[in-house]
Every structure is written in structure tokens, then in C-alpha cells.
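Asks: how would this look folded up:
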Amino acid sequence: FILHPNVAGPCSLGVFSSTGSLRTTSSAMFPAVCAVLLFASSTLAFQIPAQVSHHATKPSGLSHRSRTALNFFDKIFEEEGPLGKGITVGKLSVALISNDRSKSSIFGMLEDAARNGGSEPEELAELTNAVCLALLRKSDDWVGACSTSQWFSEKDAGKAESFYNDLSNSEAVKYEKEYIPGASSEEKPGGPTQVVVTIVLEIQGDSTKFDGAGFSITGTKEVVSSIASDCLVDDGYVVNAAEVFWSPSDRDEVLTRNDIIIDFPELIDM
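Replies: Numbering: from 1, shown residues only. You can find the predicted model right below:
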């Protein structure tokens, strides 16, 4: 399904699929917005792009110290925004156990958030917030988590977008089947399964917390809460790009412990 206004400008991309994925993109720099909804497996993702992109690689362990020093001097000359300076790109993944696929389960919450989402920046920010709140409400069911992030100067907005795309693509390739239940679906709910929910976020400033997920329940809650709060600042316009993936969404599909070890080896048990 494609929505394409008859105007020139950068497009937005959306993927909605088997783990419930919908990716959408929009740019605050141009009036034109295109939304493309693709159906790919086991994910739900929303994307609003920031600026033009340029490939950037993560610094190795050897260059970590010099990279930190460079960030310090870059920030001195950065313009301050509502959430600080520059751009932060990060990824958060949370694994949890769901005993059913009912409307009150994490599946029902994620599907509702996806159906109520839109392509405007504030709508995508609200979607990200809704997913974070759903995770927090199910924190007693968490079994693992992990996170990563990188800071970029405003002048490196293209590199930030490229790094965001790298994180997003690394998640999207994990999904194969195309499926998403309709709002009036009468399929029988499935049984217990493990679930992995991943948020990829590009947000303005340097105050959003990503470090610490997976090492403790408390630390993971702090990361999820920080994302939930910061994405709504300035009516959501601090969010340059946001994407949410979950697996599985097919009501007959079960994600086992072995599946998680193979597809999500970065997750830390809690």
C-alpha cells in the first residue's frame, strides 16, 4: 500500500510485517512527504528521516578515547537544542515472556500502537512513547535487554542518518514472513512465547539515555523511560527517525530461546 503526494521531495519508507513492522519516514526540512508501507516479516517499524545520509562506521575500541575527545570539542561549538547538543542515534532491544496473544498482552499493545500511528513527526513520537510505556507495563516479564548508541555533531547529520539506517537494516534482515493481523481479525490467540521488541531512534540532542540496558532491571527501566519522555519533547519534533520492530506477531508463531540466541545474540540475560 503506497501513499504518495504529487509533490517533489524526499520520501518516507514504512515496513509493517510478521513480527509487526511498519517503517515510515518524513523530513522536517521539506514540505513533501511520501509514505510507503511494505509488509515484511515479524516486525513493526516507523521511520522519520533526519537529513541526507552518508555512511559512518562505529569507532573501534582503539579509537574510542580519541573519539570521545573529539565529541567533547565538537560539543563546545554546537548549538543547544531542547535536549542538548548534536544528534544521538541509538538502539534498544528488550526480550520478555508473553503468556498469550490477547489484547492486554504485549502483542495487543503493540498492534494498537501501530494501528493508531501516523506519518507525522508528532504521531511517530507518540508511537515510540506508546511502545515504551507498553514495555514498562510488562517489566515484570522482562528476561533480557541490550542497547547501543552514538553521538553525532549537527554538521554530521548525514553520518547520523547513515548509522541509523545501519541499525535499522541490521534488524530488518532478521524478518522474513509477511503478516499482520487486521483490526477485526478473528484468529484464535496463540500460546506462550518469548518476544523481542526493538526500538531504533535518531533524536536531537545528547541527553537521551541509552547506556545500561540489560545489566539490571532498574537500568533498563531508566533507558526505556528516558526514550519515552524525550521523544515527546517539542511536540515530537526532536525525533528525526524512529523505528520499532517486534517478533513474533503471527499468532501461531513461537519464538524460542534458541531463536533468540541465533537472531539476537547481543541480548543480555536479566
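
Asks: what about Thr220, neighbour count?
Replies: Using other CB atoms under 10 Å, Thr220 has 25 neighbouring residues. The C-beta positions use only the backbone N, C-alpha and C, and glycine is treated the same way.

Asks: assign it to helix, strand or coil.
Replies: helix (DSSP: H, G, I helix; E, B strand; the rest coil).

Asks: list the contacts of it.
Replies: Counting by CB atoms under 8 Å, 6 or more residues apart in numbering, Thr220 touches Val94, Ser139, Trp142, Ala145, Gly212, Ala213, Gly214, Met270.

Asks: please apply the same query to Phe107.
Replies: Gly20, Ser98, Arg101, Val195, Trp246, Ser249, Arg251.

Asks: tell me which of these fall in strands.
Replies: Using DSSP state E, the members of the contacts of Phe107 that fall within strands are Ser98, Val195, Trp246.

Asks: would you turn the residues you listed into a markdown table with distance to Gly205 and pLDDT?
Replies: Shown next, in a markdown table, are the ones in strands among the contacts of Phe107 (distance: CB to CB, whole Å; pLDDT from 0 to 100):
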| residue | distance to Gly205 | pLDDT |
| --- | --- | --- |
| Ser98 | 33 | 94 |
| Val195 | 30 | 96 |
| Trp246 | 26 | 92 |
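
Asks: between these, which is nearest Thr88?
Replies: Ranked by distance to Thr88 (CB to CB), those are led by Trp246 at 22.5 Å.

Asks: show me where pLDDT drops low in this structure?
Replies: 1-78, 176-189 (pLDDT under 70).

Asks: how about the helices in it?
Replies: 64-76, 106-115, 121-137, 157-172, 217-230, 257-263 (DSSP state H).

Asks: nearest to Ile87, out of those helices?
Replies: The nearest among the helices of the chain, by CB to CB, is helix 157-172 at 4.4 Å.
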